[in-house]
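Asks: Got a predicted structure plus its sequence, pasted below:
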Amino acid sequence: VTQGRARRLPEAAAGSVLASLYDVLFREYGPQGWWPVPGRAGHHGFDRGGYHPGDRRPPSRPSERFQIALGSVLTQNTAWTNAEQALTRLLQEGAASPQGILSARPGELARWIRSSGYYNQKARKLKSLAAVFRRRGALSGSPPTREELLGVWGIGEETADSILLYAYGKPVFVVDAYTRRLLARLCLTQPDEGYGALQELFQASLPRDAGLYSEYHALIVAHGKSRCRARPLCGGCPVRVCPSNPNAADRP
Ligand code: SF4
């Protein structure tokens with residue numbers, strides 16, 4: 001895998017690669033239906049995991065928006081399946097609302113979300129997040145701002161942007177470890193590039209379209225899990241512009 005400062009592409013070429021990369025990933029993995037809403041699993045338009053492939057709109061129901069906010073914290077440093085289990089427990093306990101989170105005793109809340117790991121910390125984060133939502137009236141009124149979310153203890157840029165994009169349809173590109181790794185492997189950025197620079201590269205290269213950003217981020221995650229892993233499976237990879245691809249094509 002090629003990573004290095006000397007191989008970085010100029011910005012215009014990077015934009016061109018990012019625009020075509022979306023088509024390649026979408027052809028390979030199809031619509032991802034993010035962000036899953038377990039409380040709607042099996043309902044019309046949602047599959048058994050709460051995914052909604054083909055429908056890129058943010059949820060219209062306030063309770064679903066808050067489930068996405070909860071899920072974005074619960075999935076920090078753990079697989080979605082563990083976060084989903086914790087979220088399902090909150091739903092079963094009738095606590096998947098700002099009031100439900102705030103009225104739960106800290107130890108009780110931590111126990112309900114145990115499957116997601118770091119449960120004491122996450123219980124504290126959920127209470128802080130719920131306080132912002134209640135103060136803002138964010139479920140029925142205006143969404144929290146990025147600054148408000150970043151002011152919540154334990155909520156960083158990736159989590160804040162996930163909430164803004166997937167719960168409220170704000171056109172902000174979500175950057176995660178899969179994104180950073182893939183872009184470095186494509187020689188578009190450095191492996192240690194900052195969050196803001198990576199986000200800006202996407203946002204400057206693509207139309208400001210929340211639906212596109214939601215699908216693109218989910219596709220990068222799908223690719224990072226199935227092929228572009230820590231030890232990548234490059235044989236047969238559809239990303240032909242990648243220097244590590246044995247069938248690498250000329251760059252646009
Ligand atoms: S899996 Fe694909 S994108 Fe990732 S390093 Fe290998 S060829 Fe590149």
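Replies: Arrived safely. Numbering: from 1, shown residues only.
Asks: What spatial separation is found between the nearest residue to Ser103 once chain neighbours are set aside and the ligand?
Replies: Among residues not flanking Ser103 along the chain, Ala95 sits closest, at 8.0 Å (CB to CB, 6 or more residues apart in numbering). In this view, the C-beta of every residue, glycine as well, is placed from N, C-alpha and C. Plainly put, Ala95 is 40 Å away from the ligand if you go by CB to the nearest ligand atom, to the nearest Å.
Asks: count of residues packed around Ala95?
Replies: Applying the criterion other CB atoms under 10 Å, we find 21 residues in the vicinity of Ala95.
Asks: Also Pro207?
Replies: 9.
Asks: Helix, strand or coil: sort out it for me.
Replies: Classification of Pro207 into helix, strand or coil gives coil, according to DSSP: H, G, I helix; E, B strand; the rest coil.
Asks: Show me the helices in the chain, by range?
Replies: Listed from the start of the chain, the chain has helices (DSSP state H) covering 11-29, 62-74, 80-92, 98-103, 106-112, 119-136, 146-150, 157-162, 168, 177-185, 195-205, 210-226.
Asks: For the ligand, which of those is the nearest?
Replies: Closest of these to the ligand is helix 177-185, at 4.2 Å (criterion: CB to the nearest ligand atom).
Asks: Which strands or helices does the closest one pack on?
Replies: Based on contacts counted as 3 or more CB pairs under 8 Å, 6 or more residues apart in numbering; DSSP states H and E, the elements that helix 177-185 packs against are helix 195-205, helix 210-226.
Asks: Turn those into TSV, including mean pLDDT and mean neighbour count.
Replies: As requested, the helices and strands packed on helix 177-185 are arranged in TSV below (pLDDT from 0 to 100; neighbours: other CB atoms under 10 Å):
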stretch	mean pLDDT	mean neighbour count
helix 195-205	94	16
helix 210-226	98	20
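Asks: Let's have these in JSON lines, adding distance to the ligand.
Replies: As requested, the helices and strands packed on helix 177-185 are arranged in JSON lines below (distance: least, CB to the nearest ligand atom, whole Å):
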{"stretch": "helix 195-205", "distance to the ligand": "16"}
{"stretch": "helix 210-226", "distance to the ligand": "7"}
